[in-house]
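Enquirer: below are the sequence and a predicted model; questions follow.
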Amino acid sequence: MLTKVHMEALSPTMEEGQVVKWLKGEGEPVSEGDILAEIETDKAVMELVARGTGLLKVVLLAEGGTAPVGEVIAVIAEANDDVSAFQAGKQAGRSDITQTMEAAASGPTETLETMDAEAADQTIDDPGTDRGTASEGERVKASPLARKLAAKSGLELRGISGTGPAGRIVKKDIERALSSTQRVASGAITGQEFSAEEYEDIPLTQMRKTIARRLSESIGPVPHFFLTISVDMSKWGEARSKINKMIEPEGVKISYNDIIIKATAAALKLHPECNAHWMQDSIRRFKGVHIGVATAVEDGLITPVIRNAQSMSLREIHDEVRSLADKAKAKTLKHEEYTGGTFSISNLGMFGIKEFTAVINPPESAILAVGAIESNQLMLTMSCDHRVIDGAVGARFLQTLKEMLEEPATSFI
Amino acid sequence: MAEITYRDALNQALAEEMERDDSVFLLGEEVAEYDGAYKVSKGLLERFGDKRVVDTPISELGFTGLGVGAAMVGLRPVVEFMTFNFSLLALDQVINSAAKMGSMSGGQVTAPMVLRGPSGAALQLGAQHSQACEAWYLHTPGLKVVTPGTPADAKGLLKTAIRDNDPVVVMESELLYNFKGEVPEGEEFLIPLGVADLKREGGDVSIITHGQMIHVAIKAAKELEKKGIEADVLDLRSLRPLDVEAILESVSKTNRAVCLEEGWSYGGVGSQVTSVLMEEAFDDLDAPVLRVTQADVPMPYNKKLEAWSKPSVGRLVEACEKVCYV
């Protein structure tokens, strides 16, 4: 029995994935449920599980390689199954793999095999060559439509990367090339003004792509406004020292960030209108306060969520933040651990940033930007989605938050 | 509009045209006393008498020749083949006589006649009785070929075929005789030959098909819709003359085409459509035109093999995804 291993959608927004590591080598036996590979999605590194039992006979996508969701990246088969067709697919373009799959998956009788060969004949044959741009002297493969579009817009086909079978340049490749040309043309600085030694091009990681997409989705359609308030943290400063002294033997230290999460959750409980999602055709207010804590990781940021923060003790909040931050750094956060936030906090105080504004993480409707505490003064800036929160509503929430941060006992209502 | 079966739509077309024009008459095996093998001619003997509804011996070449002769001297015969599988016996009369008469006589003698009956596979009737015969006739200049896939098209096309001054082959489908659909009333409900019909509108891929395969195409289009691909389903209705304009209009919008037919791929309807696209829509194509057809084997009797060798929704969906590069 042949089982095709597909690039699976390991996060709800994943469109393509990168093989970080194969945990099974070619030829190794695998059982259904075994972890085959680690896949970097747009959010985290996830495990790809075997859907069949046999030998991992063919690995089509090498470590570091990227494939769109749904593409066949390996084959699990019995020892005596003929997988030569797939082996050929290794060097071939995407459609050839699928095509040879069909031929190889034909039934046991001679008649069926003949028919399958015929069925394959009814589809196109593509010579198996690498995808990518055509090199000098080689014929550029492009669909007639792509050629017409390129000619119309004065675009050179050579140099455009084809995504069709056998690297064929198709309509969407031209459209992509055109939109990037327009971007360069409209930008103030073009790449040509610098020599290669003057800069380094950093390839985009899956996470960077997602951040870009998500944030431009946000700042574009979300009408932001900003409210800034100054808070006197002197009383919490004293309280924090006392608390930390009490738990010192355990080696735990409550941070100002933990305190701000605690107070924010309590304040949101009193102002549920700020604990809401914009749903396009309605506003969804939440009973629980689920606070996303923006966390910097090596190549980006992620926002793990402290669930039901309104009913957690300071210590519980501290432990949860620590545990999620560790997972974030190790890229092992589960999907439910970084989604479903109702309000976010971004803290750049540790970098000495006095105050700043943060970008809302939709569909949440607010984010609190936390600056550094200098002489007990803390600057908080809340970004609000005006579709959900009006100026006065946001201001009242910040007033409550200020009181709670200035009078520690009030955070415990 | 009344909802009636494909069978009744054909019956209405015959009755209305026989009523309208005395020169129209029906002949074939069991069309009179038995009301036709598939009951398409039900009640016609009683209504029009045995001079106009004529039972023939089991001799396709003979009664088709009789039809050609009658057409040459001014009548408008409708020749029923019990199935088009049996029409192969009469090919000489159709191709060498009916199709060529007008051209060979410089227009002095024509053969205005209809050759009709079910074509294509039903279920487990074996290799000799499960053939889609379009390609046999399509090849020949002088013949017109139509393949109605709905009751309304069956009525409108058969009426137009009877009134046409050339021999017209009307290919029905055994599996569609009980299929119901809305059919416009009125004697003048006619569908011109050579005009395709967009049965479903989408923008991503053109499924070009005809006859009973339009129903496979519509099912596949619904599957594709779930995957975010919107398909045009273009029902050619008439294979000769072919509505080239409609084909080009659809493909210039979608840039991709999949031809679906019940018959074999080799020299089939899809071959013709593909060559039209190569000749006239080359610069509009973003992917090679694919075909989904019956497997290139005589139809197996074995139920599973039969189902396998017929074009299916799954295979069509796959081909559409392939031309859309997904």
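Expert: Thanks, I have it.

Enquirer: now the helix or strand harbouring B:Lys222: buried residues?
Expert: Using DSSP states H and E, B:Lys222 sits in helix B:213-226. Residues of helix B:213-226 classed as buried by neighbour count (16 or more other C-beta atoms under 10 Å in any protein chain shown): B:Met213, B:Ile214, B:His215, B:Val216, B:Ala217, B:Ile218, B:Ala220, B:Ala221, B:Glu223, B:Leu224. Yep, even glycine has a C-beta here, placed from its N, CA and C like the rest.

Enquirer: is chain A contacted by it?
Expert: No - judged by C-beta under 8 Å from any C-beta of the partner chain, helix B:213-226 and chain A are separated, with a smallest distance of 14.2 Å.

Enquirer: sketch out the low-pLDDT regions of chain B for me.
Expert: For chain B, applying pLDDT under 70 flags no range at all.

Enquirer: now the strands for it?
Expert: Per DSSP state E, chain B carries strands over the ranges B:2-5, B:24-28, B:53-55, B:76-80, B:114-118, B:144-146, B:168-172, B:180-183, B:197-200, B:205-209, B:231-235, B:238-240, B:257-264, B:290-294.

Enquirer: next one: the stretch 301-413 of chain A
Expert: A:305-306, A:343-347, A:366-370, A:377-385 (DSSP state E, counting those that start in this stretch).

Enquirer: so which of the ones you listed is the most packed in?
Expert: Per residue and on average, the most neighbours among the strands of the stretch 301-413 of chain A fall to strand A:366-370, with a mean of 26 (mean count of other C-beta atoms under 10 Å in any protein chain shown).

Enquirer: avg pLDDT for that one?
Expert: Regarding strand A:366-370, the rounded mean pLDDT is 96.

Enquirer: closest to A:Leu2 out of the strands of chain B?
Expert: strand B:290-294 (23.3 Å; C-beta to C-beta).

Enquirer: rounded mean pLDDT for the helix or strand encompassing A:Ala267, please.
Expert: For A:Ala267, the element it lies in under DSSP H and E is helix A:256-270. The average pLDDT within helix A:256-270 is 94.

Enquirer: and that helix with strand A:377-385, angle?
Expert: 50 degrees (axes from the mean of the first three to the mean of the last three C-alpha atoms, to 10 degrees).

Enquirer: show me what counts as buried in helix A:256-270.
Expert: A:256-269.

Enquirer: name the helices or strands packed onto that helix?
Expert: helix A:234-246, strand A:291-293, helix A:314-329, strand A:343-347, strand A:366-370, helix A:391-406 (3 or more C-beta pairs under 8 Å, 6 or more residues apart in numbering or on different chains; DSSP states H and E).

Enquirer: what residues does chain B put near chain A?
Expert: Counting by C-beta under 8 Å from any C-beta, chain B sits next to chain A at B:255, B:265, B:282-288, B:290-293, B:295-297, B:300, B:305, B:308-309, B:315, B:319, B:322, B:325-326.

Enquirer: tell me the predicted confidence for A:Thr133.
Expert: 61.

Enquirer: distance to B:Val195 added to the helices and strands packed on helix A:256-270, as CSV?
Expert: Shown next, in CSV, are the helices and strands packed on helix A:256-270 (distance: least, C-beta to C-beta, whole Å):
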stretch, distance to B:Val195
helix A:234-246, 81
strand A:291-293, 60
helix A:314-329, 63
strand A:343-347, 60
strand A:366-370, 60
helix A:391-406, 63
